[in-house]
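Participant: Give me a 3D structure for the following:
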Amino acid sequence: MLKKSLFVFLCLLPLFAFSQKKGKLNARSNPSNQKTISDKDKAASSPKDSVATIDMYKIISFDRDTTYVDTALTLKKEYEVNYLRKDNFGLLSLSNDGGAYNLLDFGLNKFDPFPQMGFKAKHVAYQEVEDIKYYNVATPYTDLMYRSVLGQGQILDAFITLNTSENLNFAAGYKGLRSLGRYINELSSNGIFKLSGSYNTTDKRYMLRAHFTGQDFSNQENGGIVEPELFEQSDPPFNQRERLEVYMRDGKSLLKGNRYFVDHTFRLSKTNPNSLVFHHQFNYENKSYEFSAGTNASVGLSERFGDSYASIVNNKTRYNRMYNLIGAAYTNEKIGKLEFYLDDFNYNYFYKSVIIADGQLATPNSISDDIVTYGAKYIYQKDKWKGSVLVSNSITDQSLANMEASVRYKLNDDFEFCGKYQNMNKLPDNNYQLYQSTYKSYNWPYDVEDDDNDVKTDFKNEKINNFEFEAKTKWLNASVQYSILNDHLFFNRVYPDPAPAEDEVEPLLVKPQQFDGTINYLSVKANREFRLGKFALDNTVLFQNVQQSANVLNVPSLLTRNTLYYTDRAFKKALFFQTGVTFQYFTKYYANGYNPVISEFYSQDATKTGNFPLIDFFINAKIQEFRLFIKAEHLNSSFSGYNYFSAPNYPYMDFTIRFGVVWDFFS
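Facilitator: Alright, predicted model coming up:
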């Protein structure tokens, strides 16, 4: 992966070096609230040097919302300089970059009525259709991001976009990561390549956008540390993390995926913008998830995940899907846009083997389906109001339904209010229904009678009712979410009977289960920044409450992040900098455990995690469009107690110093 990253960077380097010219644009904006450029920024830029304004560098989302390129140095950018390149409040990474993240904020979940492949822990950085952006730029625009990692390696994200004409845009990017980590067998090596384009006729009668993504996420999997108490003591030599024994020395997981996406519309009338518009969307994607390990160089491998059929473990799940949507829409300036559509979701989820036990088929090798739904979508936008309603239902035999409604009112740049509602009848994800493994206990459905590994997989649909409200004001940003979950699917840890002896490894056995009760989830999140001169205190607090009859959905009741920082200019105002301290904390709770075999987090009620502080110190600086980020991360790790775990047997990161760069070029 490192070689791939360097190869792509070297290929793009001539573009960066020779096609960029200084003085073309001083691009400053804040797309998070769409405010205008500040007076200080206006004074710092010379109108004579500007040949393009910031609103000529458009970023267009999947829902066709438009923001602009942002080269400002704000606290928001400090939060976003990480592997995910987004604010990761509510996510807690394991001990290395590019690996799994434990979900502290349940509200970050997104619900889809169609069955997905599963293996969700591997998909946290996977670029979905909604994550791909499209562009319209006055001149070529390049974004480079570098960040240091744990041990050998780096994160490199290189991106360039240009318009060959006013109506035709191309964009290409590659993000590569290689991070050795500090524990035995936890190397991460990931890569994401994306190529996108958009085109429209001058009269916008025909509009097209398309993209291709090729993604691979490779991780060495060590199964966690064997003796957490040695980590908690951290006495020499165990303060050297490579001295701590782990469950696997040769485990490895790999998620790969390619996607081809096209979305285009055609207006029937040449002159009337309110005429009928035909819409077609195509999405083909193929993926595979593979877990492999051997027993010769491993510690406690067979005992940790139970008995196996062979000495070499090689589980490979394959998946492909094809999605087509055809629709017709009518748009009117007074009544809004109304679209009726039909879509077809066809998928195959399969293995190239079967499991035979006691002379009969124990575990099949595939599931597939073809789901056809009909739906209608209405969008209204006028002045300060924007609203939408979507209703869809299945035509074929599957019981699938979805209803979404949202409304937004924006009074001005300081006041905005949003409300959302979603009612969904969701089909189970594929890996709940079928999984096949060399480990005997990791096979379902298992139909051999009277076998201890029997797992029920004829699951009901999940029923989800979700309410959200958000308010953004000049005094406070706040949001409330209330979710009602019925027939909730989850992975649960099961314990062997009889229990193992003290000198034996405790097996980690996980099964898909469905909770037949009702789960009520409530969260309240608030953010407020206080300013006094050049000092500022930014506060984000999240309260969560879950009502359930068993420990199924487990989240901390309180999360908080507080940042005290100072901003100023130096060197005749050519350098803008900020420096400060960030404090993070969440209460103790039964954190979900991580299982590398199925790349999923599972519910457990034996070990609590939390109640430890995370303190970071940072210094960031900006010169023109160059931004530098230096951070001492988790600097309190050596004196506040070694009780910090991201999941049972998986410690959080120790103290490390990060170095990052973000550099934008306009030509």
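
Participant: all contacts plus neighbour counts: C-alpha atoms, from now on.
Facilitator: Will do.

Participant: who touches Asn102 in this structure?
Facilitator: By C-alpha atoms under 8 Å, 6 or more residues apart in numbering, the contact set of Asn102 is 91-94, 592, 601, 646-647.

Participant: The helix or strand in which it is found pairs with which strands?
Facilitator: Under the assignment given by DSSP states H and E, the secondary-structure element containing Asn102 is strand 101-103. The strands that strand 101-103 pairs with in its sheet are strand 91-93 (antiparallel) (by DSSP bridges).

Participant: Show me how far the strand it pairs with is from its chain's centre.
Facilitator: From the chain centre to the centre of strand 91-93 is a distance of 11 Å (C-alpha atoms, centre = their mean, to the nearest Å).

Participant: Enumerate the positions of it that are buried.
Facilitator: For strand 91-93, the buried set under the neighbour-count rule, 16 or more other C-alpha atoms under 10 Å, comprises 91-93.

Participant: what do you get for stretch 559-570?
Facilitator: By neighbour count, with 16+ other C-alpha under 10 Å as the criterion, the buried positions of stretch 559-570 are 559-567.

Participant: Pipe the residues you listed into CSV and attach pLDDT, secondary structure and distance to Leu168 per row.
Facilitator: Supplementary listing: the buried residues of stretch 559-570 in CSV, determined by pLDDT from 0 to 100; DSSP: H, G, I helix; E, B strand; the rest coil; distance: C-alpha to C-alpha, whole Å:
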residue, pLDDT, secondary structure, distance to Leu168
Leu559, 97, strand, 45
Thr560, 98, strand, 44
Arg561, 98, strand, 42
Asn562, 98, strand, 44
Thr563, 98, strand, 42
Leu564, 98, strand, 44
Tyr565, 98, strand, 43
Tyr566, 97, strand, 43
Thr567, 97, strand, 40
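
Participant: Mind picking the two most distant members of the residues you listed?
Facilitator: Leu559 and Thr567 (25.9 Å; C-alpha to C-alpha).

Participant: which other helices and strands contact the longest strand belonging to the chain?
Facilitator: Secondary structure of the chain per DSSP state E: the longest strand is strand 509-532. Counting contacts by 3 or more C-alpha pairs under 8 Å, 6 or more residues apart in numbering; DSSP states H and E, strand 509-532 packs against strand 477-494, strand 535-547.

Participant: What confidence value was assigned to the closest residue to Pro364 other than its chain neighbours?
Facilitator: Here the nearest residue to Pro364 in space, its sequence neighbours aside, is Val354; by C-alpha to C-alpha, 6 or more residues apart in numbering that works out to 5.5 Å. The predicted structure scores Val354 at 82 on the pLDDT scale.

Participant: repeat for the one 4 residues further on
Facilitator: The pLDDT attached to Asp358 in the predicted structure is 72.

Participant: tell me which element the residue lying closest to Ile326 once chain neighbours are set aside is part of?
Facilitator: Once its chain neighbours are removed from consideration, Ile326 has its nearest residue in His280; the separation is 4.6 Å (C-alpha to C-alpha, 6+ apart). Using DSSP H and E, His280 sits in strand 276-294.

Participant: Run the chain-centre distance for that strand.
Facilitator: A distance of 16 Å separates the C-alpha centroid of strand 276-294 from that of its chain, computed with C-alpha atoms, centre = their mean.

Participant: swap in stretch 172-190?
Facilitator: When distances are taken as C-alpha atoms, centre = their mean, stretch 172-190 is centred 16 Å away from the chain's centroid.

Participant: Endpoint to endpoint, that stretch covers what distance?
Facilitator: End-to-end distance of stretch 172-190 (C-alpha to C-alpha, to the nearest Å): 17 Å.

Participant: And stretch 548-555, by the same measure?
Facilitator: Where stretch 548-555 starts and where it finishes are 12 Å apart, if you go by C-alpha to C-alpha.

Participant: Would you mark the buried spots in it?
Facilitator: The neighbour-count criterion (16+ other C-alpha under 10 Å) identifies 548, 552-555 as the buried residues of stretch 548-555.

Participant: try stretch 413-431
Facilitator: Those buried within stretch 413-431 under the rule 16+ other C-alpha under 10 Å are 415-431.

Participant: do the same with stretch 462-478
Facilitator: When burial is assessed from 16+ other C-alpha under 10 Å, stretch 462-478 yields the following buried residues: 462-473, 477-478.

Participant: In those, find the pair that's most separated.
Facilitator: That would be Glu462 and Thr473, which, of those, are the farthest apart (C-alpha to C-alpha) at 35.4 Å.

Participant: Okay, and the beta partners of the closest residue to Phe261 other than its chain neighbours?
Facilitator: Nearest-residue entry for Phe261: Asn283, 4.5 Å, with adjacent residues in sequence omitted and distances by C-alpha to C-alpha, 6+ apart. For Asn283, the beta-bridge assignment (DSSP bridges) gives partners Phe261, Tyr323.

Participant: How many residues are close by Asn283?
Facilitator: Counted with other C-alpha atoms under 10 Å, residues neighbouring Asn283 total 19.

Participant: who's in contact with it?
Facilitator: Contacts for Asn283 were tallied using C-alpha under 8 Å, 6+ apart; they are 259-262, 322-324.

Participant: now those in TSV, with distance to Leu268?
Facilitator: Output for those, formatted as TSV (distance: C-alpha to C-alpha, whole Å):
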residue	distance to Leu268
Arg259	30
Tyr260	26
Phe261	23
Val262	20
Met322	27
Tyr323	24
Asn324	21
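
Participant: Which one of those is nearest to Asn636?
Facilitator: When the contacts of Asn283 are compared for distance to Asn636 (C-alpha to C-alpha), Arg259 wins out at 42.6 Å.

Participant: Is it correct that that closest one is in contact with Ser196?
Facilitator: No - the criterion here is C-alpha atoms under 8 Å, and Arg259 misses it with Ser196 at 11.4 Å.

Participant: what's the overlap in contacts for the two?
Facilitator: 211-212.

Participant: re the thing from before, in TSV, list the buried residues of stretch 548-555 along with pLDDT.
Facilitator: As requested, the buried residues of stretch 548-555 are arranged in TSV below (pLDDT from 0 to 100):
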residue	pLDDT
Gln548	96
Val552	95
Leu553	96
Asn554	96
Val555	97
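
Participant: residue ranges of the helices in this protein, please?
Facilitator: For the chain, the helices identified by DSSP state H occupy 2-18, 39-44, 75-80, 228-233, 301-304, 430-433, in order along the chain.

Participant: Quickly, which of the ones you listed bottoms out on average pLDDT?
Facilitator: Lowest mean pLDDT within the helices of the chain: helix 39-44, at a mean of 39.

Participant: now the residue nearest to Met403 when sequence neighbours are not counted: how far from Ile464?
Facilitator: If you skip the residues right next to it in sequence, Met403 has Val391 as its closest partner in space, 4.5 Å away by C-alpha to C-alpha, 6+ apart. Remark: distance between Val391 and Ile464 (C-alpha to C-alpha) = 15 Å.

Participant: again, but for Ser308
Facilitator: Taken as C-alpha to C-alpha, the spacing of Ser308 relative to Ile464 amounts to 37 Å.
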